[in-house]
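**Q** Sequence first, predicted coordinates after that:
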Amino acid sequence: MSISEPGPHYRNFFSHYKSGLIYLNHASVSPLPLATYGAMEKYLRERTFGSVENFEIWLQTVEETRKNIAALVHAERSDQITLTGNTSDGLSAVAEGFPWQAGDQILLNTMEFPANIQPFRALARKGVELVYLEPQDGKITPEMIEEAITPQTRMLSISAVQYLNGFKADLKTIGEICGARDIYFIVDGIQAVGAVPIHVTEYGIDALSSGGHKWLMSPAGTGFLYLSDPLAEQLQPYKTGWQSVKDPWQLSNFEQDWKTVSSHLETGMLNTSGFIGMNESIKMLLNIGIQHIRKTILDTSGYAIGKLREQSHVQIISPLQDSYRSGIVTFQISGDTDPEELVSALRKKNISVSSREGMIRISIHFYNTRTEIDTALATLFNL
């Protein structure tokens with residue numbers, strides 16, 4: 001076992017593998033840890049068979065979730081974290097809340113998942129121009145971004161890790177470029193947070209939005225938005241509810257002051273069971289350590305790349321350089337092969353991977369083993 005190979009005790013955090021399932025599809029949705037399931041089951045049992053109304057305890061756990069998210073991404077304060085339902089919720093809050101002027105530009109790129117395009121595309125009605133960078137060799141580099149900036153550039157939005165080829169952006173250098181040009185730096189974090197270290201203050205990130213159901217190993221319908229103070233001061237909330245005022249329990253006082261934007265966006269009852277589960281998942285990741293998780297993922301995904309390179313009929317689409325790599329390994333198989341059919345055939349053999357844009361994508365988390373990689377690839381190439 002290499003120094004980064006996952007220890008057997010990591011497997012004990014989960015149950016799905018005990019049925020023989022080889023799960024290599026974390027860029028789609030992750031299994032829930034047993035502790036996450038247990039925390040959610042306790043909540044649901046109390047709602048069903050217990051005291052039913054136990055808001056104080058639930059809300060304490062939700063606030064702990066907020067604090068743990070802040071610790072995970074190195075936010076200065078937990079009140080910079082808004083709890084959301086998914087990545088698009090957070091990006092839409094930024095896109096719709098910003099004081100755009102006709103002619104303003106936002107830099108995007110053509111590798112992005114639609115969640116990081118559509119909220120900004122909707123700004124055409126305000127006269128905002130979307131400027132798309134074209135990747136070179138599957139990468140968007142800081143130099144490409146710097147060359148594309150114009151006096152009209154107000155914002156840049158990029159995925160920390162790209163969903164298709166797993167390219168990991170150089171967020172620190174990009175943040176330095178944006179900071180020097182007074183450009184707001186927005187990051188879609190869903191393919192990175194939980195698997196890649198993210199330091200929002202060190203990287204100069206103004207907004208980081210992520211759902212929880214992928215690398216954070218949390219329930220669907222959970223997510224968060226981090227906002228820097230300078231960007232938060234610029235935003236107007238794009239939605240409002242009864243919880244958006246300073247003291248929502250003054251039910252007959254309609255003319256209250258609004259909460260700050262991060263709290264304002266939490267308009268009503270949150271997905272309590274989901275965030276209770278998310279809290280357990282994030283505690284697990286923090287206890288293991290994101291740097292260690294990153295090293296383990298790079299080791300196992302690097303092993304997978306090495307095995308794929310032994311196949312003459314395979315073209316690897318993902319970056320090969322460690323600084324650009326993630327847990328996503330995407331490849332094409334030459335010849336008369338249908339990726340969808342291959343993925344379906346693997347699923348029948350209890351192996352879960354994805355087909356995306358005519359390619360096969362495997363996505364490896366910290367607990368996956370080289371043995372699983374060997375079995376999955378051997379099965380694939382013998383279909």
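**A** Arrived safely, thanks for sending.
**Q** Now for the residue nearest the centre of the chain: which residues touch it?
**A** Central residue of the chain (CA atoms, centre = their mean): I190, 1.1 Å from the mean position. Neighbouring residues of I190 by CB atoms under 8 Å, 6 or more residues apart in numbering: 87, 113, 115, 159, 163, 209-211, 214-215, 223. From N, CA and C alone the C-beta is placed, and that goes for glycine too.
**Q** Sort out for me which of those are in strands.
**A** If you go by DSSP state E, the contacts of I190 have 159, 209-211, 223 in strands.
**Q** Check the gap between I22 and N350 for me.
**A** Separation of I22 from N350 (CB to CB, to the nearest Å): 7 Å.
**Q** neighbour-wise, which of the two wins?
**A** Between I22 and N350, I22 has the larger neighbour count (other CB atoms under 10 Å), namely 22 against 14.
**Q** and the more buried one, backbone torsions?
**A** phi -100, psi 110 (degrees, to the nearest 10).
**Q** Report the contact partners of I177.
**A** The contact partners of I177, taken as CB under 8 Å, 6+ apart, are 142, 145-146, 149, 183.
**Q** go with 6 Å
**A** 142, 146 (CB atoms under 6 Å, 6 or more residues apart in numbering).
**Q** roughly how far apart are it and P135?
**A** I177 is 17 Å from P135, by CB to CB.
**Q** any idea how far L342 is from K348?
**A** As judged by CB to CB, K348 and L342 stand 11 Å apart.
**Q** When those two are compared, which one has more neighbours?
**A** Using other CB under 10 Å as the criterion, K348 and L342 rank with L342 on top: 17 against 8.
**Q** Surely the more buried one forms part of a helix?
**A** Yes: assessed by DSSP: H, G, I helix; E, B strand; the rest coil, L342 belongs to a helix.
**Q** For E372, see how far away it is.
**A** As judged by CB to CB, L342 and E372 stand 17 Å apart.
**Q** so where's the stretch 101-250 of the chain shaky on pLDDT?
**A** Residues of the stretch 101-250 of the chain meeting the criterion pLDDT under 70: none.
**Q** Let me see the ranges of the strands in it.
**A** Using DSSP state E, counting those that start in this stretch, the strands of the stretch 101-250 of the chain run over residues 105-109, 129-133, 153-159, 184-188, 207-211, 223-227.
**Q** Enumerate residues external to the longest one that contact any of its residues.
**A** It stands for strand 153-159. So strand 153-159 is contacted by 104-108, 112, 116, 169, 178, 183-186, 188 (CB under 6 Å, 6+ apart).
**Q** which residue ranges form the helices in the chain?
**A** 8-11, 34-49, 55-73, 87-97, 118-121, 142-148, 171-180, 229-234, 261-264, 272-288, 290-309, 339-348, 370-380 (DSSP state H).
**Q** out of those, nearest to A27?
**A** helix 290-309 (11.4 Å; CB to CB).
**Q** what sits against L83?
**A** 224, 266, 270.
**Q** where does it sit relative to K67, distance-wise?
**A** Applying CB to CB, the value for L83 to K67 is 12 Å.
**Q** Give the intersection of the neighbour lists for the two.
**A** Between them, L83 and K67 share no contacting residue, judged by CB under 6 Å, 6+ apart.
**Q** Next up, phi/psi of W100, please.
**A** phi -70, psi 150.
**Q** pLDDT score for the nearest residue to M284 once chain neighbours are set aside?
**A** Closest residue to M284 apart from its sequence neighbours, by CB to CB, 6 or more residues apart in numbering: P33 at 5.5 Å. With respect to pLDDT, P33 scores 97.
**Q** Count the neighbours of P33 for me.
**A** Per other CB under 10 Å, the neighbour tally for P33 reads 22.
**Q** show me what contacts it?
**A** Contacts of P33 were listed using CB under 6 Å, 6+ apart, and they are 13, 217, 281, 284.
**Q** Tell me the one among those residues nearest to F381.
**A** The shortest approach to F381 among the contacts of P33 belongs to M217, at 29.0 Å (CB to CB).
**Q** Would you confirm that the closest one contacts E280?
**A** No: counting by CB atoms under 6 Å, M217 does not reach E280; the two are 9.4 Å apart.
**Q** Neighbour count: those two, which is higher?
**A** Legend: neighbour count by other CB under 10 Å for M217 and E280, higher for M217 (28 against 22).
**Q** For that one, give its distance to G335.
**A** 36 Å.
**Q** Need the nearest residue in space to A160, chain neighbours excluded.
**A** In space, and not counting its chain neighbours, A160 is closest to A192: 3.6 Å by CB to CB, 6+ apart.
**Q** doesn't G166 make contact with that neighbour?
**A** No: at 10.0 Å, A192 does not count as touching G166 under the criterion of CB under 6 Å.
**Q** Let me see the confidence value for L342.
**A** pLDDT recorded at L342 is 97.
**Q** who are the neighbours in contact with it?
**A** Residues in contact with L342, defined by CB under 6 Å, 6+ apart, are absent; none qualify.
**Q** Ok, G268 next?
**A** Per CB under 6 Å, 6+ apart, neighbours of G268: 241, 243.
**Q** Now it: phi and psi?
**A** Per-residue torsions, G268: phi -160, psi -150 (degrees, to the nearest 10).
**Q** That one and Q234: what is the separation?
**A** Taking CB to CB, one finds G268 at 24 Å from Q234.
**Q** how is the protein carved up into domains?
**A** 8-31+290-380, 37-287 (automatic domain parsing).
**Q** mind checking how far the nearest residue to L270 once chain neighbours are set aside is from V62?
**A** Ranked by CB to CB, 6+ apart and with sequence neighbours excluded, the top spatial neighbour of L270 is L83, at 5.7 Å. Distance, L83 to V62, using CB to CB: 7 Å.
**Q** Just the local confidence number for the residue lying farthest from the centre of the chain, please.
**A** Using CA atoms, centre = their mean, the residue of the chain lying farthest from its centre is S252. It sits 39.3 Å away. Note for S252: predicted pLDDT of 93.
**Q** Backbone dihedrals for it, both of them.
**A** Main-chain dihedrals, S252, degrees, to the nearest 10: phi -100, psi 0.
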